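>>> Fold the following and give me the result.
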Amino acid sequence: MLTYEQKVNLSKNIIAHLFDERKSIFMTFSGGKDSTVLLDLVKKVTSRDFKVIGIDTRFEFPETIAFTNSIIKKYNLDFQYVRPTEEDHEKIMADYAGENMKNGQWYCCAHKEPALESFLVNGNHETWITGLRSDETENRRYIGIYQNAKCNILKVNPIIFWTLEDIWHYIKTEGLEYHPMYDKGYKSLGCKPCTEAGFREGKGAQSKFENVGLSHERGGNTECGIHL
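Purely as a prediction, here's the structure:
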């Protein structure tokens, strides 16, 4: 089993090799703890320019937008929000017809797929860096460091073998700024509709995805859509 220090070094080596070998690279930044750690690791490893995108479903917490904006300034990022078109939004909302979930997916999360696909189809990127961790869901337990994604893009998960404890240890020891809603008790942050603030035994709130177990799954997967 890897130690914390070995995990950090391995992640940095994966990222360094990626920037040595690949040309057009982008990463997704959600404002959550995992993407916060990943971004810091990348910036510590390379001085190369790379694209960072945030997926705005139209249902983000104002705190998430504000935190993301502060991170953009801190790291001087080449950042872009990707959003679903008005046509996609109207189609999704009509399809859900006032229901929160359909086929195991929240209506807010349904906006992520068309937003990201538009970026992938219209962009010129070959490599996508994510902050996925294998201990987050049953489905992610079987995900490796490298994956083939849509549009012939290589998806790389440099912290897939980190634990939740590793993430918070890194944030604390490196003195990273993190999303303020974690200090309000939230364990997991998503869009407003699929995240709830239920405080239990001091452990705080969590994504409704965590609360409802497997009821949010689509086709046996435990994903919001973009990582299927």
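>>> Pull out the buried residues from the longest helix along the chain.
In the chain, ranked by residue count with DSSP state H as the criterion, the top helix is helix 4-21. For helix 4-21, the neighbour count (16 or more other C-beta atoms under 10 Å) marks 7-8, 10-12, 14-16, 18-19 as buried. C-beta: built from backbone N, CA, C; applies to glycine.
>>> likewise stretch 40-57?
Buried-residue list, stretch 40-57, by 16+ other C-beta under 10 Å: 40-42, 45-46, 50-57.
>>> Same list, those residues, but as TSV with pLDDT please.
Shown next, in TSV, are these (pLDDT from 0 to 100):
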residue	pLDDT
Asp40	98
Leu41	98
Val42	98
Val45	96
Thr46	95
Phe50	93
Lys51	94
Val52	97
Ile53	96
Gly54	95
Ile55	94
Asp56	93
Thr57	92
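>>> In the protein, mark out all the strands, start to finish.
For the chain, strands defined by DSSP state E occupy the ranges 25-28, 51-55, 78-82, 101-102, 105-106, 127-129, 146-148, 154-156, 195-196, 206-207.
>>> Residues in contact with the second one: which ones?
Contacts of strand 51-55 with the rest of the structure, by C-beta atoms under 8 Å, 6 or more residues apart in numbering, involve 25-31, 39, 68, 72, 77-83, 112, 115-116, 119, 125, 226.
>>> Just the buried ones from those residues?
Using 16+ other C-beta under 10 Å as the burial test, these include 25-31, 39, 68, 77, 79, 82-83, 112, 115-116, 119, 125, 226 as buried.
>>> wait, what's in contact with Thr64?
Residues near Thr64 by C-beta under 8 Å, 6+ apart: 30-31, 179, 181, 189.
>>> Was I right to think Tyr4 contacts His169?
Yes. Tyr4 lies in contact with His169 (C-beta atoms under 8 Å); the separation is 6.3 Å.
>>> one step back: so can I have CSV of the buried residues of stretch 40-57 showing distance to Lys91?
What follows is the buried residues of stretch 40-57, written out as CSV (distance: C-beta to C-beta, whole Å):
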residue, distance to Lys91
Asp40, 37
Leu41, 37
Val42, 35
Val45, 40
Thr46, 39
Phe50, 32
Lys51, 27
Val52, 28
Ile53, 22
Gly54, 22
Ile55, 17
Asp56, 17
Thr57, 14
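>>> before we move on, the earlier item: need the max-distance pair from the contacts of Thr64.
Largest separation among the contacts of Thr64 by C-beta to C-beta: Ser30 and Met181, giving 12.3 Å.
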